[in-house]
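1. just need the structure, nothing else, for what follows:
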Amino acid sequence: MACPASYTVVIIPLRTSLYSLDALRFYLWAASCLLRSCVQRVNGSLGSLMSEPNVSSSTQSLLDTVADSNLRWQNTVLVKEVGEKNKQISILEMERNRLLLQLGELSAH
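-> Predicted structure coming up:
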């Protein structure tokens, strides 16, 4: 039996340890890309739902209503997660820049 889901394995050699800032930044970047693709998929589903001819609410089935509500909720959650990941990336980049400045000052002494 075939599984409808698919996955991709990415192996990226890092010059430093797995626990380095580069490794964490790559992980957060990959996670935000995954979330972004999920958001795009949900937005595409919502767009196709909205582009279909209007069906009066009295004839729209309960299952369609629940599915639409679930997609909208999933979209809201994914957009929030992408925003949080982008904020984490920005914080880590600022921390990295601060550490690089400190390293430069120490090496100048």
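
2. so where do the helices sit in this structure?
-> 21-51, 62-108 (DSSP state H).

3. which one of those is the most hemmed in?
-> helix 21-51 (a mean of 14; mean count of other Cβ atoms under 10 Å). In this view, the C-beta of every residue, glycine as well, is placed from N, C-alpha and C.

4. could the helices of the chain go into JSON lines alongside mean pLDDT?
-> Converted to JSON lines, these look like this (pLDDT from 0 to 100):
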{"stretch": "helix 21-51", "mean pLDDT": "77"}
{"stretch": "helix 62-108", "mean pLDDT": "85"}
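
5. roughly how far does Val39 sit from Leu24?
-> The gap separating Val39 from Leu24 is 22 Å, by Cβ to Cβ, to the nearest Å.

6. from the centroid of the chain, which residue is nearest?
-> When Cα atoms, centre = their mean is applied to the chain, the residue found nearest the centroid is Leu35 (2.2 Å).

7. residues contacting that one?
-> Leu35 is in contact with 78, 81-82, 85, counting by Cβ atoms under 8 Å, 6 or more residues apart in numbering.

8. run the last query once more with 6 Å
-> 78, 81-82 (Cβ atoms under 6 Å, 6 or more residues apart in numbering).

9. excluding its backbone neighbours, what's nearest it?
-> What sits nearest to Leu35 in space, not counting adjacent residues and going by Cβ to Cβ, 6 or more residues apart in numbering, is Val82, at 4.7 Å.
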